[in-house]
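Undergrad: got a predicted structure here, sequence first:
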Amino acid sequence: MSVLRQRARGWRRSVPGGRVGLRLSVMAMIDAVGTGAFLAVSVPFITRSVGLSVGELSLGLTLSAAVALATAVPLGILADRIGPKKVLIGVGLWRCGCFVLYPFVQNLWQFLTVVCLLGLVDKAAAPMEQALVGQVTATDDRVKVVAVLRSLRNVGFTVGALLGGVGLLIDTRPGYAAILLLNAASFAVLALLAHRLPVLTTPAKSLRRRFSVDALRDRPFLSFTGINAVLTMHMTLLSIGIPLWIVEHTQAPAAVISPLVAVNTVLAVALQVRASRGTETIAGSARALVRAGIALAVCCLLLIAAPKPPVLAAVGVLLLAMVALTAGELFQSAGGWGGSYLLAAPGQEGVYLSVFWLGVAVQQIAAPLVVGLVITAGTTGWAVLAALFAVCGLAAPMIGRWAQARASMNPQLGQPVSS
């Protein structure tokens, strides 16, 4: 027991951010487990228990996404007025209420109502959590803390998916309802834990009240958001692009898809914190995005080569492509977090981070179409995508210098930061 206690104490001390970092880690795990369980049962619940068609399900998800895009920036403005902590607590309680209602959905209109209510806060959680980390941890720790949270989320999603699998095995409405209510309870716990977090810094009073105009007119920040959004296409490559390419264009069996995804998950959990080192400055964040762009370009070039060799060699090429994809994912995440913190104007972190995450959300909508076109075009499509990744990554240092020059001329529009 003493050995276990010593190891537990050592682990607690190793978590960046101290006790606050540990609390944030617990919150991330609870959130990911609940969400992972929900994602595992959400489609079967709607199609089997409620009896809606795939088209009706898609309609609901599309409307919810549209509502989420429309409310992201206003919630960021609210966070700059009252603080991200209060907004995050409100988001948790709102989601809790919606998921309490979710098991009682009986028809299309009830489903549309619930998912649109969820959409009101759907794109607020990520930027509010990132903004809150910036307020409750020291400046030098915040990117490391976010990296730890992302690693833990990957673990939590896996645990949640396994938990949701229990609901799938039961395959009854009460079984699905139990998972949905468990997710609701997780958001209530998150709101309570967020309420107890001590805030080290309070939002600065901005000299200008037109928060959204500042963020949407900050061209260096928008450029940084744009290249980051393109580089986050690794998510769609992992979930759609590589599986489709394997099935339709290579000699490798479809059974290799799951092990390849497992490789990505393990590497992401093990190496995310290490990949975040050195991203506490604009120059460091830019270097991380350069590495991300190059790694993702290499992944695309390896995928071009995958259809040519026989099975064993093809699997080897695909494994290298997955390693390159994971490297791109790790460096993009770290560079994006660091840069978004440093480029946000003082007192306007909430709306700036909301705009930053809005870029990711737009990418998630557009990327499936882009990846579909790439797969259809074959070698040419992958070559063009590789060039796009490389250009976006290599543009990061220039954008960083542009942002620093703009900040030095007008500090209200950004933070002058060291390189």
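TA: That came in fine, so what should we check first?
Undergrad: going forward, measure contacts between C-alpha atoms and count neighbours the same way
TA: Will do.
Undergrad: what sits closest to the residue nearest the centre of the chain if chain neighbours are left out?
TA: By CA atoms, centre = their mean, the chain has its centre lying nearest to Ala126, at 7.1 Å. With sequence-adjacent residues excluded and distances taken as CA to CA, 6 or more residues apart in numbering, Ala126 is closest to Trp357, at 7.4 Å.
Undergrad: tell me how far that neighbour lies from Lys86.
TA: In this view, Trp357 and Lys86 are 19 Å apart by CA to CA, to the nearest Å.
Undergrad: between those two, tell me which one has more neighbours.
TA: Neighbour count, other CA atoms under 10 Å: between Trp357 and Lys86, Trp357 has more, with 25 against 17.
Undergrad: you'd agree that one is up against Pro127?
TA: Yes. Trp357 is within contact range of Pro127, at 6.4 Å (criterion: CA atoms under 8 Å).
Undergrad: which helix is the longest one in the protein?
TA: helix 311-343 (DSSP state H).
Undergrad: show me what it is packed against.
TA: helix 142-170, helix 219-231, helix 234-236, helix 257-275, helix 282-305, helix 349-377 (3 or more CA pairs under 8 Å, 6 or more residues apart in numbering; DSSP states H and E).
Undergrad: try 6 Å
TA: helix 257-275, helix 282-305 (3 or more CA pairs under 6 Å, 6 or more residues apart in numbering; DSSP states H and E).
Undergrad: least confident of those helices, on average?
TA: The stretch with the lowest mean pLDDT among these is helix 257-275, at a mean of 91.
Undergrad: where's Gly17 relative to Leu342, distance?
TA: Distance of Gly17 to Leu342, given as CA to CA: 18 Å.
Undergrad: who has more neighbours out of these two?
TA: A direct count of neighbours by other CA under 10 Å for Gly17 and Leu342 places Leu342 higher, at 25 against 22.
Undergrad: from Gly335, how far off is the more buried one?
TA: 11 Å.
Undergrad: cool, Leu63 as well?
TA: Leu63 sits 31 Å away from Gly335, going by CA to CA.
Undergrad: more neighbours: which of these two?
TA: Gly335 (32 against 15).
Undergrad: tell me who's in contact with the closest residue in space to that one that isn't next to it in sequence.
TA: Counting by CA to CA, 6+ apart, Gly335 lies nearest to Ser285, which is 4.1 Å off, once chain neighbours are set aside. Going by CA atoms under 6 Å, 6 or more residues apart in numbering, Ser285 touches 279, 335, 338-339.
Undergrad: likewise Gly393?
TA: Here Gly393 is in contact with 289-290, 293 (CA under 6 Å, 6+ apart).
Undergrad: mind redoing it with 8 Å?
TA: Residues near Gly393 by CA atoms under 8 Å, 6 or more residues apart in numbering: 227, 231, 286, 289-294.
Undergrad: for those, which one is nearest Ala270?
TA: Distance ranking of the contacts of Gly393 against Ala270, using CA to CA, places Ala292 first at 17.2 Å.
Undergrad: hmm, that closest one is touching Thr326, no?
TA: No. If you go by CA under 8 Å, Ala292 and Thr326 don't touch, sitting 9.2 Å apart.
Undergrad: these two: who's more crowded?
TA: Ala292 (33 against 28).
Undergrad: what's the closest non-adjacent residue to the more buried one?
TA: Nearest one to Ala292, counting by CA to CA, 6+ apart, is Gly328 at 3.9 Å.
Undergrad: okay, now the one you found: neighbour count?
TA: The number of residues packed near Gly328 is 29, by other CA under 10 Å.
Undergrad: for it, give its distance to Ala270.
TA: Per CA to CA, Gly328 is found 15 Å from Ala270.
Undergrad: ok, now Pro174?
TA: Pro174 is 37 Å from Ala270, where distance means CA to CA.
Undergrad: then Leu24?
TA: 18 Å.
Undergrad: which one of those two has more residues nearby?
TA: Remark: of Leu24 and Ala270, Leu24 carries more neighbours, 25 against 13, as counted by other CA under 10 Å.
Undergrad: and the helix or strand containing Ile77, which residues are buried?
TA: For Ile77, the element it lies in under DSSP states H and E is helix 54-82. Within helix 54-82, the residues scored as buried using 16 or more other CA atoms under 10 Å are 56-57, 60-62, 64-65, 67-69, 71-81.
Undergrad: wait, Val199 sits on Gly134?
TA: No. Judged on CA under 8 Å, Val199 makes no contact with Gly134 at a distance of 9.3 Å.
Undergrad: with that, I have no additional questions.
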